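# dropping the sequence and predicted coords here.
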Amino acid sequence: MGVLNVTPDSFSDGGHYTTMDAAVRQAENMLRDGARIIDIGGESTRPGAEVVSSEEELERVVPVVARLVEEFGCLVSLDTSCPEVMREGAKAGAGIINDVRSLTREGALEAAAASELAVCVMHMRGEPATMQQQVDYGAPIEEEVFRFLEDRVRVCQAAGISKDRMIVDPGFGFAKTIEHNLRLMNRLHSLQSLERPLLVGVSRKSMIGKALGREVEDRLPGGLALAALAVQQGAAILRTHDVGPTVDAVNMAWAVLKEGTN
Ligand code: 9MG
């Protein structure tokens, strides 16, 4: 899953391209590099990021979804918590809703259920702006994450989203300390008993920065090591900014893993 942010500051091209042109060009590159899904987001979930109105998010995201589906026929995922974006993005041809807030915004469960799209629910506490103030857990992190995801799957099912439409994500970097993130990667395999495809997003995250002392532009090797560990423990989808190197890392891991089945 290649990350495509369509926030105005995401394209540092010196003003030579419109956001649409730059988004299409970036998606094309990621698809050429082997991405199977393009995850389009119009609202940053980084702490301190500006709050975006639903009108603004719709305007940023939906035309790009429509254009990518028309031009490349690719599978598009909507990185959104906003019910209007879910509805309009589905009409424009998206195939997945990727909501870091796990459909907790008013109207989101209903919009997702009616869309008939696949849905990714992710572990987090609170809001991205304040989540790092809520990192005290009573139980080991993998158990907290397991219970949270199990509950969200149940809530979604009760709202009419069948279990076979659901993807689960432990939410690396969301309401977690560095120790939580490392332990969670070590125990990722335990989430397989949720019996849903596992999505993992670690690309360029601060857990790599903290573990290795690297700035964001130097986190690729750390991210590839985590990608291989995630695949070995059953991850089905990796969300990444660096599609080409990640595809190589995954294929290398698979080349080794499939020998174990012979
Ligand atoms: C939008 N976004 C940022 N990080 C993410 C992650 O780890 N997982 C998912 N599903 N979405 C994410």
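Nice, I can see it. Numbering: from 1, shown residues only.
# run through who's touching stretch 208-226.
178, 182, 185, 200, 202-205, 240, 242, 245-246, 249 (C-beta atoms under 8 Å, 6 or more residues apart in numbering). For the C-beta atoms, the positions are set from N, CA and C on the backbone; glycine is no exception.
# closest to residue 194 among the residues you listed?
Lowest distance from residue 194 to the contacts of stretch 208-226 (C-beta to C-beta) belongs to residue 200, with 13.4 Å.
# residues in contact with the closest one?
Residues in contact with residue 200 (C-beta under 8 Å, 6+ apart) are 169-170, 172, 188, 226-227, 230, 235, 237-239.
# which SS class is it?
Per DSSP: H, G, I helix; E, B strand; the rest coil, the secondary structure class of residue 200 is strand.
# tell me the pLDDT at it?
On pLDDT, residue 200 comes in at 98.
# what do you get for residue 35?
Note for residue 35: predicted pLDDT of 98.
# what's the closest non-adjacent residue to it?
residue 2 (3.7 Å; C-beta to C-beta, 6 or more residues apart in numbering).
# contacting residues around the host helix or strand of residue 55?
Using DSSP states H and E, residue 55 sits within helix 54-72. Outside helix 54-72, the residues that touch it by C-beta under 8 Å, 6+ apart are 4, 6-8, 19-20, 23-24, 27-28, 31, 38, 40-43, 52, 74, 76, 78, 80, 82, 84-85, 88-89, 92-94.
# and the ligand, which of the residues you listed reach it?
Within the set of the contacts of helix 54-72, contact with the ligand (C-beta under 6 Å from any ligand atom) is found for residue 41.
# what about residue 29, neighbour count?
A count of nearby residues for residue 29, using other C-beta atoms under 10 Å, gives 13.
# would you double-check that it falls in a helix?
Yes: judged by three-state DSSP, residue 29 forms part of a helix.
# what's the closest non-adjacent residue to it?
In this structure, residue 29 finds its nearest non-sequential neighbour in residue 243, 7.9 Å apart by C-beta to C-beta, 6+ apart.
# who in the stretch 51-200 of the chain is up against the ligand?
Within the stretch 51-200 of the chain, the positions near the ligand by C-beta under 6 Å from any ligand atom are 79, 98, 100, 120, 122, 169, 171-172, 199.
# one step back: tell me the one among the contacts of residue 200 nearest to the ligand.
Closest to the ligand out of these is residue 169 (4.3 Å), distances taken as C-beta to the nearest ligand atom.
# residue 191: what's it in contact with?
With C-beta under 8 Å, 6+ apart as the criterion, the residues that contact residue 191 are 142, 145-146, 149, 168, 170, 198, 234.
# buried subset of those?
Neighbour-count burial (16 or more other C-beta atoms under 10 Å) applied to the contacts of residue 191 gives 142, 145-146, 149, 168, 170, 198.
# so which residues of the stretch 51-200 of the chain form strands?
Counting by DSSP state E, counting those that start in this stretch, the segments of the stretch 51-200 of the chain that form strands are 75-79, 96-99, 118-122, 166-169, 198-201.
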